[in-house]
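>>> predicted model and sequence below, questions to follow.
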Amino acid sequence: PERSGFDNPFSDFNVTEIIGGIANISRREDCRFLIQVFTSEVDVDFIRGWVNSREVDGVIVYGGIPEGMLKSIAAERLPVVSIDDAPTAGVPTLSVNNYAASFQLTEHLLGKGHRRFLHLTGDNSHIAREREKGVIDALRSHSIPADNITSRRADFKEIEAYEIVKRRVRDGALNETAIV
């Protein structure tokens, strides 16, 4: 659900698991843990101010930070760790292997006989690009032509993905046998 112009980041299962894990470790280590929801208005000066004022000792950012900002953070050597951002920015990053996961998923579906795929993409993030590359490479490894995949952008939103599939079913346009 949307409120006040931004999506609720805590509605995502992965976010709640990550935050819950960090909170548990912080409590065990007798550390304080602060959550700040970032918007497009947040910049490097904001993070630098936090660190320089000793308000925080470090910052963990979870996805969605522009790569240019991450490069500025790296250049200033601010104590930041990123979750699910492009590792090329120079900031230490923790991420799942989205490429391998989507490649293996597609391989599994190919093994079940599927040849026509609906790919529900994310945005233009590192995660979305890696997932798409994994799907395409798996299809190529089986000599499946690129026109056997239909891509639709769902921006990592479950409701968007649902609406895309619902419209395709309603319009009789769901010709694919698998969704990735």
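That came through fine. Residues are numbered from 1 along each chain as shown.

>>> so where's this protein shaky on pLDDT?
For the chain, the stretches with pLDDT under 70 are 1-10, 37-42, 63-64, 88.

>>> element containing the residue nearest the centre of it, please.
The residue lying closest to the centre of the chain (CA atoms, centre = their mean) is I127, at 4.8 Å. Assigned by DSSP states H and E, I127 belongs to helix 126-141.

>>> could you point out which element follows that helix?
Following helix 126-141 in sequence, per DSSP H and E, is strand 149-153.

>>> so which elements touch that next one?
Where contact means 3 or more CB pairs under 8 Å, 6 or more residues apart in numbering; DSSP states H and E, strand 149-153 is packed against strand 117-121, helix 126-141. Where C-beta positions appear, they are placed from N, C-alpha and C, glycine not excepted.

>>> one more pass at 10 Å, please.
strand 117-121, helix 126-141, helix 158-170, strand 178-179 (3 or more CB pairs under 10 Å, 6 or more residues apart in numbering; DSSP states H and E).

>>> let's have these in TSV, adding distance to G111.
Formatted as TSV, the helices and strands packed on strand 149-153 follow (distance: least, CB to CB, whole Å):
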stretch	distance to G111
strand 117-121	13
helix 126-141	10
helix 158-170	23
strand 178-179	11
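
>>> re earlier: report the angle between the axes of the helix holding I127 and strand 149-153?
170 degrees (axes from the mean of the first three to the mean of the last three CA atoms, to 10 degrees).

>>> for the closest residue to D137 other than its chain neighbours, phi and psi?
Take D137 and drop its neighbours on the chain: the residue closest to it by CB to CB, 6 or more residues apart in numbering is F103, 5.9 Å away. Phi and psi for F103, reported as degrees, to the nearest 10, are phi -60, psi -50.
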